[in-house]
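>>> fold the following, please.
(2 chains)
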Amino acid sequence: MLVVLFGLSMLLCVVLFLRPTQPSRVLAFASLFVLPVTVSYMGVETHIENSKQTSFCTSCHVMSKHGRSLLVDDTTILAASHYQGGRIPRDRACFTCHTTYTMYGDMQAKLRGVKHVLVNYFGKVPSQPKLYEPYHNRECLHCHEGARRYLKGETHTAEPGRMEKMRQNQLSCITKDCHDTVHVVSEVDSLPLWKPEPSK
Amino acid sequence: MTKDSQRIRIASALVFVGLGVEGFTLRWSHPTAFFVFAGIGGLLLLLGVLVFLSTLLGGANRLS
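So this is what the prediction gives:
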């Protein structure tokens, strides 16, 4: 659909270029304003959708090890187990866990992404990317809250009020001795990778 | 060719190239693609639209 609109819009531009003295106001307005602006808006939406792809996030060199960590053959690693176990959509793995589940979280993530690209070209890229803020439990609980396995988790119910502490983000899910092995970026090059069997 | 027609041609060319650049970036899944989309394609398209609108608002006699 978008390709067709792009094609139509460009075709009308060619017509106007070749015959600039003949168009009606309506045709010119549609060809040089309404259609291009509409098509561009749809293009922005397409880019926003593309930016949620795992391949998009890991296409930059600085993120390649994080991408590789999703494939490490060790399901005790949090990111790998989520990715390999299909707990998150594989084609949107980064976005699913690293967007902020608040009203403007999506937009905030995009603005940060723009900043990252600028730093990548014009700034100093850190050797090890870090989160802006400590990881918030809200992002985990977006999916796990209310899930049977989460509610019955042995450590989750180890003491009264622990669930509430986690809900209030007073006790982090990735705290030491809990789910603290997330990406293993520093060791990822020496670890074997999971090779998914082709579906029959 | 009148001045207005020339401006329509310029606007058409700018919008055409802008759309071409934007269309090209849609096939490219990389963070840089959005910058090319907005920074080059979007800018050319915006210039084209502004040239056209200024022609239109300036009383484009040749447009019937």
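>>> apart from its chain neighbours, what residue comes closest to the residue sitting nearest the centre point of chain A?
Closest residue to the average C-alpha location of chain A: residue A:95 at 2.2 Å, with Cα atoms, centre = their mean. Nearest residue to residue A:95 in three dimensions, chain neighbours excluded: residue A:52, at 4.2 Å (Cβ to Cβ, 6 or more residues apart in numbering or on different chains). For every residue, glycine as well, the C-beta is placed using N, CA and C.
>>> what is the neighbour count of the one you found?
By other Cβ atoms under 10 Å in any protein chain shown, 19 other residues sit near residue A:52.
>>> quick one: pLDDT of it?
Per-residue confidence (pLDDT) for residue A:52: 88.
>>> just say helix, strand or coil for it.
Following DSSP: H, G, I helix; E, B strand; the rest coil, the label given to residue A:52 is coil.
>>> my guess is it meets residue A:98, correct?
No - between residue A:52 and residue A:98 there is no contact under Cβ atoms under 8 Å: 10.4 Å.
>>> can you give me the distance of residue B:41 to residue A:76?
Relative to residue A:76, residue B:41 is positioned 46 Å away (Cβ to Cβ, to the nearest Å).
>>> the two: which is more packed in?
Taking other Cβ under 10 Å, residue B:41 and residue A:76 do not tie; residue B:41 has more neighbours (23 against 10).
>>> so who does that one touch?
Residues counted as contacts of residue B:41 (Cβ atoms under 8 Å, 6 or more residues apart in numbering or on different chains) are A:40, A:43, B:18, B:19, B:20, B:21, B:22, B:24, B:25.
>>> among those residues, which ones are in helices?
Cross-referencing these against helices under DSSP state H gives A:40, A:43, B:18, B:19, B:20, B:21, B:22, B:24, B:25.
>>> on that earlier part again, what about burial for the contacts of residue B:41, which qualify?
A:40, A:43, B:18, B:19, B:20, B:21, B:22, B:25 (16 or more other Cβ atoms under 10 Å in any protein chain shown).
>>> of those, just say which sits nearest to residue A:192.
Within the buried ones among the contacts of residue B:41, proximity to residue A:192 (Cβ to Cβ) peaks at residue B:25, which comes in at 36.8 Å.
>>> what's near enough to touch the residue most central in space within chain B?
Centroid-nearest residue in chain B, with Cα atoms, centre = their mean: residue B:15, separated by 2.4 Å. Residue B:15 is in contact with A:9, A:13, A:31, A:32, A:36, B:44, B:45, B:48, B:49, B:52, counting by Cβ under 8 Å, 6+ apart.
>>> could you redo the last one with a cut-off of 6 Å?
A:13, A:32, A:36, B:45, B:48 (Cβ atoms under 6 Å, 6 or more residues apart in numbering or on different chains).
>>> quick one, domains of chain A?
Following automatic domain parsing, one gets these domains for chain A: A:2-50, A:60-190.
>>> which of those sits most buried?
Highest mean neighbour count of these: domain A:2-50, a mean of 17 (counted as mean count of other Cβ atoms under 10 Å in any protein chain shown).
>>> alright, calling it a day.
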